[in-house]
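Asks: here is a sequence together with a model predicted from it:
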Amino acid sequence: MSEQIIRLLPRPATAAAIAPYGTLIEPGEDGTPFGPADAQLELGRGTPRLYIMRIPHRPMLVRGITRHTRVTQCLAATGGADWFACLAPPGDPDAPDATPDPAQVVCFRIGGDVALALKRGTWHAGPFFTAPEQDFLNLELSDTNETDHHTVRFDANFGLVFEIVP
């Protein structure tokens, strides 16, 4: 089957634009009380893991999209460079056979001075970036990649590939 290429122009990540998928964590004054601008974390279904992942550059093509149903996930670039994430609404994170609607996939340009906290079950692809490699802080559970990594292939299931056009 021939794949249809759908070009995605990244939208700027703002708190309002990210709200259906999670929270855009922006810098704030030290000592500010916890509130709605903070990540609403769900980490109680396992052992939290905070680590820095080094990712080599890869083509800006989205062939599949993933979600985690047991945990929220937080990502932030460590070097200050912008990056891209493609997202689709979480729907019911407890529905085991859920699939994302390809028509609802959007791409965001995430600033290098903010973090992205994804709601439990948010479909996501990325991070993508233009540098040869980039480091990211990642907060999830210690076994997320082994036991809570649900991927739907756009190419195999829908005959689609999304191309991020920075």
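Replies: Yes, it's here. Residues are numbered from 1 along each chain as shown.

Asks: now do the strands in the protein.
Replies: Assigned strands in the chain, in chain order: 4-8, 11-12, 22-25, 48-56, 61-62, 64-67, 73-77, 83-88, 106-110, 115-118, 123-128, 133-141, 150-153, 160-164 (criterion: DSSP state E).

Asks: enumerate the beta-bridge partners assigned to the residue nearest to the spatial centre of the chain.
Replies: Among the residues of the chain, the one closest to the centroid is residue 124, at 4.1 Å (C-alpha atoms, centre = their mean). When bridges are called by DSSP bridges, residue 124 pairs up with residue 66, residue 87.

Asks: now what about the worst-scoring helix or strand of the chain on mean pLDDT, what contacts it?
Replies: Ranked by mean pLDDT, DSSP states H and E, the helix or strand of the chain with the weakest confidence is helix 144-147, at a mean of 94. Outside helix 144-147, the residues that touch it by C-beta atoms under 8 Å, 6 or more residues apart in numbering are 46, 49, 68, 70-71, 73. No exception for glycine: its C-beta is placed from N, CA and C like everyone else's.

Asks: stretch 125-132 too?
Replies: For stretch 125-132, the external contacting residues (C-beta under 8 Å, 6+ apart) are 55-58, 60, 62, 64-66, 75, 77, 81-87, 110, 134, 136, 162, 164, 166.

Asks: can you tell me which of the contacts of helix 144-147 are buried?
Replies: Among the contacts of helix 144-147, those classed as buried by 16 or more other C-beta atoms under 10 Å are 68, 70-71, 73.

Asks: between those, which sits nearest residue 15?
Replies: Lowest distance from residue 15 to these (C-beta to C-beta) belongs to residue 73, with 17.7 Å.

Asks: mind listing what that closest one touches?
Replies: 117-118, 122, 124, 138-140, 144.

Asks: check contacts around the residue nearest to residue 6 when sequence neighbours are not counted.
Replies: Once flanking residues are discounted, residue 6 sits nearest to residue 162: 5.1 Å by C-beta to C-beta, 6 or more residues apart in numbering. By C-beta under 8 Å, 6+ apart, the contact list for residue 162 reads 5-8, 61-62, 86, 105, 107, 125, 154.
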